[in-house]
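**Q** sharing a model prediction with you, sequence too.
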Amino acid sequence: MNSDLLSKFFKRQIKKLDNYTLKKKLYFLYFFCVAIPVIVTNGLILKIVYDSEKASRKRNLENIAEAVEYNITSSFSNAVTITNDMYTNRIISKFLDTVYTSPYDYYSAYDSLKRNYILHQSLGLKISNVILYADNDTITNGGKFAKVSEITNTEWYQYLSSSGRNLIIFPYYDYNKTNLYTHDTGRTISIIRKLDYYGKNSLEKIVKLDVDYSIIQKDITNTKYDAKVYVCDGDNIIFSNDGITSGSKEFSKWNEGNLKGEYAEKQMHLYSRDWDIYIVGYQSNMIERLRDNIPIFFILILANLLLPITIMYLVNQSNTRRIFLLGEYLDKVKEEKFDMITGEASVDEIGYLIKNYNLMVLKMEDLIQVVYKDKLERQELNLAKQQAELLALHSQINPHFMFNALESIRMRSLIKNEDETAHIIGKLAILMRKSVDWGADTITIKEEMDFVEAYLQLQRYRFGNKLLYQIQVEEACLRYKIPKLTILTFVENSCVHGIESMSNEGWIFIYITENEGSVTIEVEDTGIGMTEEQAKKLQEYMNGSNIETIENSESIGILNACVRLRMFCGEKFNIKIDSEDKVGTTIVIKLPIITC
């Protein structure tokens, strides 16, 4: 069931694709099969690279934290080793436990103790000072020895007493301390140890060993960690490489706001203290790595995007060019031009279509030769029949205007004897002689305008001052050919249907001009006109006129003229009517220039 639904779905999608051009289909193919996979793949690769770089940065931060822990632990391990030696040194323990009877006895024992190597080597191992304290009133404060009573109020001593530990590390700021080697004052980190190895119940003995703070700080500052390092004891920043841990100032306070971006946090236990190590602001070399790989990225872009779209463009051009060529030749078939496609011999599907098209053309040409030969003969017979009907139309031209003119002349001749009668009768004779002479159906515009002039003079004689006219013909148009009596037919129509029904005077204007390879004949009257609907209907009749419409219409004269003009000019003939009721009518005829 699911397979049937899937099959129907794909069929619907394929049906939709049939409505798209081949060019759009190739764009869809490129977009969904190349561009999106490339973008997704490159995105996944970038994500993998980013995650890898992020993990690498995290490992580097953790490695820096471990390196800092190792360096600090190493520095303090050397000092603790010294305290271990003092812790197990019997000579020092005995010196501190001895009750001296006189100052002389103390100084004599002190002089002997100074030759002990421990007191001399300690100052060369990142140690700034060593002091031994004993709860012995017979020793004298000075040098490297002092009484416990001198330190009972200090912060570090109270921490040692309350911790219950034998060994502690204690950072603090000593305002009275002066370091003879670094000339720094203040920041102090001491390793303090009880010397109770030889008897728990003996006098209280303590060694206080001050680590050289400036040396450890310089080690952290001078090491290139590519990140900011903070070593904190609670809220106090003990060591740092960002310039805030100068020995002449009290310890700076740690702010959680310093943890910006990626960072690493590590806690180290240094004897009695828990110190936090923060590594922040790691400088990654990812940008440099990307910059180094820019050429590779461009090559990948060209290979993944530009190369496929270039190939698709070439395929599209190959297909669409031949498809459009095939469509062009098929359009020629509509015009009954059966040309074969040459020079396109290819073996793909489009080439197969072109080959079949050429076979179709050959078969159609044979079919035309065999099947339509008799049709041509019938067309010749029909043409002869139309010519006969045309001759019949010539004889149907109604000369009623001549009879009216003759009747007017007769009536005027009865009333008075005038010389103009002879002139009018001469014009009438010209019209009658030319109208019945159909030896040639085409005449020049000059000859046609002689008919029109004679006709208008007869009508002016008939109507008197009621009819006025004006004729303007360009000189170049006089030699062009038209069917005989066509202009006269439209002028007659203007007189009979436009001017004759009016009680006041009316004008007829005739203009013949040449414009852009055609002749424009304009017949305008100021007669009774017609409505827009009537003018539109008459124009449709005139433009669609044929033998059948003449037989079924009462307006034989102008339809006859239109049929003759169309047969004379072909489809290049055009007629337009513009009329307004009670204002007048204008007929504009456009014909091709014919001189023979």
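**A** That came through, no problem. Numbering: from 1, shown residues only.
**Q** show the contacting residues for Lys260.
**A** Counting by Cβ atoms under 8 Å, 6 or more residues apart in numbering, Lys260 makes contact with Val280, Gly281. For every residue, glycine as well, the C-beta is placed using N, CA and C.
**Q** just say helix, strand or coil for it.
**A** coil (DSSP: H, G, I helix; E, B strand; the rest coil).
**Q** check it and give its pLDDT.
**A** At Lys260, the model reports a pLDDT of 78.
**Q** do you know how far it is from Asn89?
**A** Distance of Lys260 to Asn89, computed by Cβ to Cβ, to the nearest Å: 50 Å.
**Q** where does the stretch 301-450 of the chain dip in pLDDT?
**A** Within the stretch 301-450 of the chain, the segments meeting pLDDT under 70 span 301, 344-345, 347, 369-440.
**Q** switch the cut-off to 90
**A** Residue ranges of the stretch 301-450 of the chain with pLDDT under 90: 301-443, 447-448, 450.
**Q** mind checking the SS state of Gln457?
**A** helix.
**Q** for Gln267, that is, sorry about that
**A** Gln267 ends up strand, using three-state DSSP.
**Q** skipping adjacent residues, who's closest to it in space?
**A** Asp276 (5.5 Å; Cβ to Cβ, 6 or more residues apart in numbering).
**Q** secondary structure element holding the one you found?
**A** strand 273-280 (DSSP states H and E).
**Q** and that strand, what does it pack against?
**A** helix 36-87, strand 167-174, strand 228-233, strand 263-270 (3 or more Cβ pairs under 8 Å, 6 or more residues apart in numbering; DSSP states H and E).
**Q** just the residues contacting that strand, thanks.
**A** Contact with strand 273-280 is made by 61-62, 64-65, 68-69, 72, 168-171, 225, 227-233, 238, 254, 258-269, as judged by Cβ under 8 Å, 6+ apart.
**Q** quick one, it and helix 36-87 angle?
**A** On the basis of axes from the mean of the first three to the mean of the last three Cα atoms, to 10 degrees, strand 273-280 is oriented at 150 degrees to helix 36-87.
**Q** could you give the angle of strand 273-280 to strand 167-174?
**A** Using the same axes, to 10 degrees, one finds that strand 273-280 and strand 167-174 are set 60 degrees apart in direction.
**Q** quick one: buried residues of strand 273-280?
**A** Buried residues in strand 273-280, counted by 16 or more other Cβ atoms under 10 Å: Arg273, Trp275, Asp276, Ile277, Tyr278, Ile279, Val280.
**Q** distance of the closest residue to the last one other than its chain neighbours from Val229?
**A** Residue nearest to Val280 in three dimensions, not counting chain neighbours: Tyr263, with 4.2 Å by Cβ to Cβ, 6+ apart. When distance is defined by Cβ to Cβ, Tyr263 is 11 Å away from Val229.
**Q** look at these two and report which has more neighbours.
**A** Taking neighbours as other Cβ atoms under 10 Å, Tyr263 and Val229 compare with Val229 leading, 23 against 18.
**Q** quick check, pLDDT for Arg291.
**A** Listed pLDDT for Arg291 reads 66.
**Q** just the helices in the stretch 251-400 of the chain please.
**A** Residue ranges of the helices in the stretch 251-400 of the chain, as given by DSSP state H, counting those that start in this stretch, are 286-292, 294-301, 307-334, 349-371, 373-395, 400-415.
**Q** ok, the stretch 101-250 of the chain next?
**A** With DSSP H, counting those that start in this stretch, the ranges of helices along the stretch 101-250 of the chain come out as 103-114, 117-121, 155-163, 213-222.
**Q** so which of the ones you listed is the most packed in?
**A** Among the helices of the stretch 101-250 of the chain, helix 213-222 has the highest mean neighbour count (mean count of other Cβ atoms under 10 Å), at a mean of 17.
**Q** so what's Tyr157 closest to, chain neighbours aside?
**A** Nearest residue to Tyr157 in three dimensions, chain neighbours excluded: Ile151, at 4.7 Å (Cβ to Cβ, 6+ apart).
**Q** repeat for Ile238
**A** Nearest residue to Ile238 in three dimensions, chain neighbours excluded: Val231, at 4.9 Å (Cβ to Cβ, 6+ apart).
**Q** so the one you found bridges to which residues?
**A** Phe239, Ile277 (DSSP bridges).
**Q** could you measure from it over to Ala109?
**A** In this view, Val231 and Ala109 are 41 Å apart by Cβ to Cβ.
**Q** ditto for Glu571
**A** Remark: distance between Glu571 and Ala109 (Cβ to Cβ) = 142 Å.
**Q** Pro171 too?
**A** Distance, Pro171 to Ala109, using Cβ to Cβ: 34 Å.
**Q** what's the answer for Ile192, then?
**A** Separation of Ile192 from Ala109 (Cβ to Cβ) stands at 24 Å.
**Q** what of Leu132?
**A** According to Cβ to Cβ, Leu132 stands 13 Å off from Ala109.
**Q** need the per-residue pLDDT for Lys2.
**A** One thing to correct before we go on: residue 2 is Asn, not Lys. 65.
**Q** residues in contact with Ile471?
**A** By Cβ under 8 Å, 6+ apart, the contact list for Ile471 reads Met449, Val452, Glu453, Leu456, Ile510.
**Q** ok, the third one - contacts?
**A** Which is Glu453. By Cβ under 8 Å, 6+ apart, the residues touching Glu453 are Ile471.
**Q** next secondary structure after the host helix or strand of it?
**A** Following DSSP H and E, one finds Glu453 within helix 445-463. On the C-terminal side of helix 445-463, the closest following helix or strand by DSSP H and E is strand 467-473.
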